[in-house]
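> Structure of the sequence below:
(2 chains)
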Amino acid sequence: MLLEAHKATPSETLTRVPYWVFQTAETYRKEQECIFQGPCWHYLALEVELPEPGDFRTTRIGDTPVVVTRDDDGEIYAFENRCAHRGALICLDNHGKGKKDFSCVYHAWTYDRQGNLRGVAFKDGIKGKGGMPETFRMEDHAPRKLRIAILHGLIFGSFSEEVPPIEEYLGEEISGRIERVLGGRKPVVLGRVTQALPNNWKLYMENVKDSYHASILHLFFTTFELNRLSLKGGIIVDDSGGHHVSYSAIDTVAQKDAEYAKQQLRSESQYKLADPSLLQGFDEYHDGVTLQILSVFPTFVLQQIQNAIAVRQIVPRAIDKTDLNWTYLGFADDTPEQRLVRIKQNNLVGPAGYISMEDGCVGGFVQRGIAGASDQEAVLEMGGSQAQSSESRVTEASVRGFWKAYRSNMGL
Amino acid sequence: MIDSVYQMIARAQAEYARCIDDDRLEEWPDHFHGSCIYRITTAANHREGLEGAIIFANSKGMLKDRVSALREANIYERQSYRHILGQPSILQESGSEVRSETSFLVARIVQDGDTDIFATGRYLDLYRIEDGKARLNERTVVCDSSRIDTLMALPL
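Model prediction:
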């Protein structure tokens, strides 16, 4: 059930989440103002997707359509995809190249690549008749421009003048973990797909940050006995709570023990992969970390699952509808063999991913489950009540962290 | 009576679709030769020449693993497909190899009874004919839309 508003005040503890936050139009509207147009950084595109001046892509920050461009000075710009005249979309294509300017189809108001109004059709009228009044000045009219921050090839944008610089926003630990995956490397887009989720956007962000569910909901690794190795790992939650990293590393000592045990138990194993080459990857980061899921508040995810690298952008479409935009990545210096490994390991993720397809439906299970329970609350007590970094992944600390940042932005 | 190439392809297509729609997924890999490629991608990726895929398999073993994962590991609500296939266009014949393109429409029926158009697109196929029977060397499933609803469990 979707509601206009709900009056119940949430419990003060981070261990409770009122279900109405996933259901009310009032909350959705307030998020647009306080989060999507508020003091947050939002992922827009990859720098390599706009290599040359005149390249552009369109995307959205929450409900708001945005154009991202590269101009002749080599810089990235972004502005609202809304004509300053009567509000029509300025740019209708998803992406393109060699664009000199952007002309609204409705009345041909024309903007440069930085979003400045440069032309108004029939501005001076025809034969001295009609036209704009003399007081009309083009520089007074433009779609809203975004602040831009680029970090290791990731383009972030913000409507807010108050948002701190991206390094400060993320903190050193989170920035360092982005650098670990992308620093000094030239990514190559291998493919894109959108997964349409039947749930509120926050249910997906909770899921991304929830290290507790991984081995319970996703049975692919355990069923095929691919997860027998004891994995060392942990959770990093930044001070704001909003950004997190969950990682795991193969513990080489435990690996030997487990390998030994595996020998003894081999006959008991019921299911084996017919083609185990799916998981035969290469050592890319030389730190033993085989899985790193990183999120940036509110709606960005950077994923390393073995050699499957992807960025995920989460875009709300309605109270109970969310687009999850996957961009699968390789790197320019991949060998053909490494490229094939990535393409094979992409079977683990995306809409048909062995370990992520469930994430596409579980948010819908919650959205449907809570339909008659707006005044009830979810329980987040695993690992305590705080939102701190932890060596254990059996914790909901980073989910609580999300709500800490969310409450702070929303003034709840 | 010996089937023409067109008939062999049409027969193979019909059997492939029935196999999935009848939930006989265990037989699905048998529509491919041992060394094969199966991929599902989007029209936008295909147009841009991007090699990343929603599903990618380059062995019959990987197809079998897809089925056993769906049967034993993955969690998704009960659902079935109904494939409606267009007539195959035979694009090229050389020796025993035949390239063809066939449009499809797949409706998904979920457990609460809703039927929706889940995907439309085309199969870009490379068949190899052996012993009067066409099997796939390669199937690229190009979905027209880049948006997949909820999840893609069953193969197309």
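> measure residue A:91 to residue A:31 for me?
25 Å (Cβ to Cβ, to the nearest Å). (C-beta placed from N, C-alpha, C; glycine too.)
> Next: residue A:368.
Counting by Cβ to Cβ, the gap from residue A:368 to residue A:31 is 21 Å.
> With neighbour numbers in mind, choose between the two.
residue A:31 (24 against 13; other Cβ atoms under 10 Å in any protein chain shown).
> which helices and strands does the helix or strand harbouring that one pack with?
Assessed by DSSP states H and E, residue A:31 sits inside helix A:25-31. Contacts defined by 3 or more Cβ pairs under 8 Å, 6 or more residues apart in numbering or on different chains; DSSP states H and E place helix A:25-31 against strand A:308-318, helix A:397-410.
> Identify the spatial nearest neighbour of residue A:194, chain neighbours not counted.
Leaving out its chain neighbours, the residue that sits closest to residue A:194 by Cβ to Cβ, 6 or more residues apart in numbering or on different chains is residue B:147, at 4.5 Å.
> which parts of the stretch 51-200 of chain A sit against chain B?
A:94, A:189, A:190, A:191, A:192, A:193, A:194, A:195, A:196, A:197, A:198 (Cβ under 8 Å from any Cβ of the partner chain).
> Just confirm the last one contacts residue B:150, I think it does.
Put plainly, it is residue A:198. Yes - between residue A:198 and residue B:150 a contact is recorded at 5.8 Å, counting by Cβ atoms under 8 Å.
> quick one: which of those two has more around it?
More crowded of residue A:198 and residue B:150, by other Cβ under 10 Å: residue B:150, with 22 against 17.
> Could you double-check that that one sits in contact with residue A:361?
Yes - with contact defined as Cβ under 8 Å, residue B:150 counts as touching residue A:361 (5.5 Å).
> and the longest helix for chain B?
Longest helix in chain B, counting residues (DSSP state H): helix B:5-21.
> could you pull out the helices for chain B?
B:5-21, B:43-48, B:60-68.
> Buried residues of the shortest one, list them for me.
Of all the residues in helix B:43-48, those buried under the rule 16 or more other Cβ atoms under 10 Å in any protein chain shown are B:44, B:45, B:46.
> follow-up on the earlier one: any common contacting residues for residue A:198 and residue B:150?
Both residue A:198 and residue B:150 are in contact with A:361, A:364, where contact means Cβ atoms under 8 Å, 6 or more residues apart in numbering or on different chains.
> what does chain B put close to chain A?
B:40-42, B:44-45, B:50-62, B:64-66, B:68-69, B:72-77, B:146-153.
> how many other residues sit next to the residue in chain B that chain A sits nearest to?
When distances are taken as Cβ to the nearest Cβ, chain B reaches nearest to chain A at residue B:52, 2.4 Å away. For residue B:52, the neighbour count with other Cβ under 10 Å is 27.
> Surely it is in contact with residue A:328?
Yes - shown here, residue B:52 and residue A:328 form a contact pair, counting by Cβ under 8 Å, at 4.2 Å.
> Next, show the common contact partners of those two.
With Cβ under 8 Å, 6+ apart as the test, residue B:52 and residue A:328 both reach A:189, A:190, A:191, A:192, A:342, A:346.
> quick one, what contacts residue 109?
With no chain named, the answer covers chain A. A:83, A:84, A:85, A:103, A:117, A:119, A:120, A:121.
> my question was about chain B
B:79, B:80, B:81, B:82, B:115 are the contacts of residue B:109 under Cβ under 8 Å, 6+ apart.
> repeat that with 10 Å
By Cβ atoms under 10 Å, 6 or more residues apart in numbering or on different chains, the residues touching residue B:109 are B:21, B:78, B:79, B:80, B:81, B:82, B:115, B:116, B:118.
> out of the residues you listed, which is most surrounded?
Neighbour max across the contacts of residue B:109 (other Cβ under 10 Å) = residue B:118, 22 neighbours.
> Against residue A:185, how distant is it?
On the measure of Cβ to Cβ, residue B:118 and residue A:185 end up 37 Å apart.
> Then residue A:119?
Residue A:119 is 40 Å from residue A:185, by Cβ to Cβ.
> Those two: which has the busier surroundings?
residue A:185 (17 against 13).
> looking at it, that one is touching residue A:329, isn't it?
Yes - using Cβ atoms under 10 Å, residue A:185 is in contact with residue A:329, at 9.5 Å.
> which residues in chain A form helices?
Counting by DSSP H, the helices of chain A are A:25-31, A:166-170, A:172-182, A:201-209, A:214-217, A:220-223, A:252-265, A:336-345, A:357-369, A:397-410.
> Mind putting the ones you listed into JSON lines with distance to residue A:134 and mean pLDDT?
Converted to JSON lines, the helices of chain A look like this (distance: least, Cβ to Cβ, whole Å; pLDDT from 0 to 100):
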{"stretch": "helix A:25-31", "distance to residue A:134": "39", "mean pLDDT": "97"}
{"stretch": "helix A:166-170", "distance to residue A:134": "43", "mean pLDDT": "97"}
{"stretch": "helix A:172-182", "distance to residue A:134": "51", "mean pLDDT": "98"}
{"stretch": "helix A:201-209", "distance to residue A:134": "47", "mean pLDDT": "96"}
{"stretch": "helix A:214-217", "distance to residue A:134": "65", "mean pLDDT": "76"}
{"stretch": "helix A:220-223", "distance to residue A:134": "69", "mean pLDDT": "78"}
{"stretch": "helix A:252-265", "distance to residue A:134": "77", "mean pLDDT": "51"}
{"stretch": "helix A:336-345", "distance to residue A:134": "60", "mean pLDDT": "97"}
{"stretch": "helix A:357-369", "distance to residue A:134": "55", "mean pLDDT": "93"}
{"stretch": "helix A:397-410", "distance to residue A:134": "44", "mean pLDDT": "96"}
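> Neighbours of the residue nearest to residue A:194, how many?
Residue B:147 - counted by other Cβ under 10 Å - has 15 other residues nearby.
> Return the helix or strand in chain A with minimum mean pLDDT.
helix A:252-265 (a mean of 51; mean pLDDT, DSSP states H and E).
> what residues are up against residue B:57?
Contacts of residue B:57 by Cβ under 10 Å, 6+ apart are A:275, A:278, A:344, A:347, B:29, B:32, B:36-40, B:63-66, B:139, B:155.
> What residues are bridge-paired with it?
residue B:38 (DSSP bridges).
> Next, give me the two most distant ones among the shared contacts of residue B:52 and residue A:328.
Largest separation among the shared contacts of residue B:52 and residue A:328 by Cβ to Cβ: A:192 and A:342, giving 14.4 Å.
> between these two, who's got more neighbours?
Higher neighbour count among residue A:192 and residue A:342: residue A:342, with 25 against 21, using other Cβ under 10 Å.
> Isn't the more buried one up against residue A:187?
No - assessed by Cβ under 10 Å, residue A:342 is found out of contact with residue A:187, at 11.2 Å.
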